[in-house]
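*Asks:* Generate coordinates for the sequence data below:
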Amino acid sequence: MKRKIALAMTVSTLFLSQIQGQKAFGQQPNNQGVPNPLMQLMQQLPQGQQQGSEMAPLAAPPISFVDVNSGRFGKMEIDLEDGQFLEGSCSNLHVTARNLDVQQGVLKSLDISVGNGHFQDFIVDSISISTQGSLRFDSGMLINHRVIQFLEPAQATVAVEISQDSLNKFLNAPTTLDRLSYSAIRKGSAIAGMLGGKIPNIGLSISNAKLVLLKNNGVNITFDSKVGMGDVAVPIPVEASSQLALQNGTVQLINTQVKTNGQQISPAINQFLVQKVNSLSAWQTRSKDIQFRFTELIIKPNKKFLVTGQAELNRLKF
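*Replies:* Below is the predicted model:
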């Protein structure tokens, strides 16, 4: 607005001075002969302004405060709440990267903490990962695919906390119960053989699982089961007494005894159920992106268990 007023005043002054000068010499104002400052000024204006349109805005160069693709950062933090992802979710996620050079593909350290993380059906109340030593990654993968692909596996310390409540939610998830069960259609003959029968179409279905953490690393698991098929399936309550232990860097059930109505069931079914339950810990080894090797296990009865150890990171997806 100020600019328009100033321009108008300048034009008016020039125009009046031109007229007064011509009158002083007895001349009639015209656009010929002596140059008209108004005409000269109008000729210098952009075409749109010559036609009476409003003043065009000044063109300013684009400003980019953060160019991540070519950036170097002494410290970069990502803080998310209520994150929803393709294969999981979390209540909060915090990532801190130090001395990050995207173009050179180098990183001094990386700290990751996740709260209430859901990885498919498995629930982790908290997990923290801290890398050790300088890291090198493929900068092209980060820029083009939002993936930190480490050129050499990154070594890190890891701590995981899982509550008894989270374990029970995991055990009672439909996919978990389906994994614990044995299909009558696909694999029924195996169950029939365990029970000493000759009926081919027989299965084992599991429901209403409940896990309790005990002293001395003890675990008690009870669940309802049905052996048979359809309406002729026989309900059998099952109770498993076991212990949590670390084997080959993973959490496993050992010294497991399975009973029904106070009586120990056949060794074949006992072994079958133990293998089924132990397979649930495969969440630690399924991922190709990160591998865990736990070295310490602590159980707090009726509350939670904690594991600490090492992790090997191959890549991180964003």
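*Asks:* so Leu316 makes contact with His145?
*Replies:* No: using C-beta atoms under 8 Å, Leu316 makes no contact with His145, being 11.5 Å away. Backbone N, C-alpha and C define where each C-beta goes, glycine included.
*Asks:* more neighbours, the two?
*Replies:* Between Leu316 and His145, counted using other C-beta atoms under 10 Å, the more crowded position is Leu316 (19 against 13).
*Asks:* for this structure, longest strand please?
*Replies:* As assigned by DSSP state E, the longest strand anywhere in the chain is strand 147-163.
*Asks:* State the mean pLDDT of it.
*Replies:* Here strand 147-163 scores 94 as its mean pLDDT.
*Asks:* how about low-confidence regions in the stretch 201-318 of the chain?
*Replies:* Scanning the stretch 201-318 of the chain for pLDDT under 70 picks out the ranges 201-203, 228-232, 266, 269, 280-286, 318.
*Asks:* got a pLDDT number for Lys2?
*Replies:* 48.
*Asks:* So that it lines up with my notes, have the first residue be 19 from now on.
*Replies:* In the new numbering, first residue 19, that becomes Lys20.
*Asks:* ranges for the strands of the stretch 219-336 of the chain?
*Replies:* Ranges of strands within the stretch 219-336 of the chain are 221-231, 236-246, 252-265, 268-278, 281-282, 308-318, 322-335, based on DSSP state E, counting those that start in this stretch.
*Asks:* partners of the fifth one, with directions?
*Replies:* When pairing is defined by DSSP bridges, strand 281-282 lines up against strand 268-278 (antiparallel).
*Asks:* which parts of the strand it pairs with are buried?
*Replies:* Buried residues in strand 268-278, defined by neighbour count with 16 or more other C-beta atoms under 10 Å: Thr268, Val269, Gln270, Leu271, Thr274, Val276.
*Asks:* so what's the fourth one bridging to?
*Replies:* Partner residues in beta bridges with Leu271: Leu262, with DSSP bridges as the criterion.
*Asks:* quick one: it from Ser260, how far?
*Replies:* In this view, Leu271 and Ser260 are 4 Å apart by C-beta to C-beta, to the nearest Å.
*Asks:* quick one, what contacts the residue lying closest to Asp156 once chain neighbours are set aside?
*Replies:* Spatial nearest neighbour of Asp156, excluding adjacent residues (C-beta to C-beta, 6 or more residues apart in numbering): Gln167 at 4.4 Å. Taking C-beta atoms under 8 Å, 6 or more residues apart in numbering, we find Gln167 in contact with Phe155, Asp156, Met159, Leu160, Asn332, Arg333.
*Asks:* top of those residues by neighbour count?
*Replies:* Neighbour counts for the contacts of Gln167 peak at Phe155, which has 23 neighbours (criterion: other C-beta under 10 Å).
*Asks:* Surely that residue and Pro171 touch.
*Replies:* No: judged on C-beta under 8 Å, Phe155 makes no contact with Pro171 at a distance of 11.3 Å.
*Asks:* hmm, back to that, common neighbours of Leu271 and Ser260, please.
*Replies:* Taking C-beta under 8 Å, 6+ apart as the contact rule, Leu271 and Ser260 both touch Val237, Val292, Val295.
*Asks:* so which of these is the most crowded?
*Replies:* The most crowded member of the shared contacts of Leu271 and Ser260, judged by other C-beta under 10 Å, is Val295 (23 neighbours).
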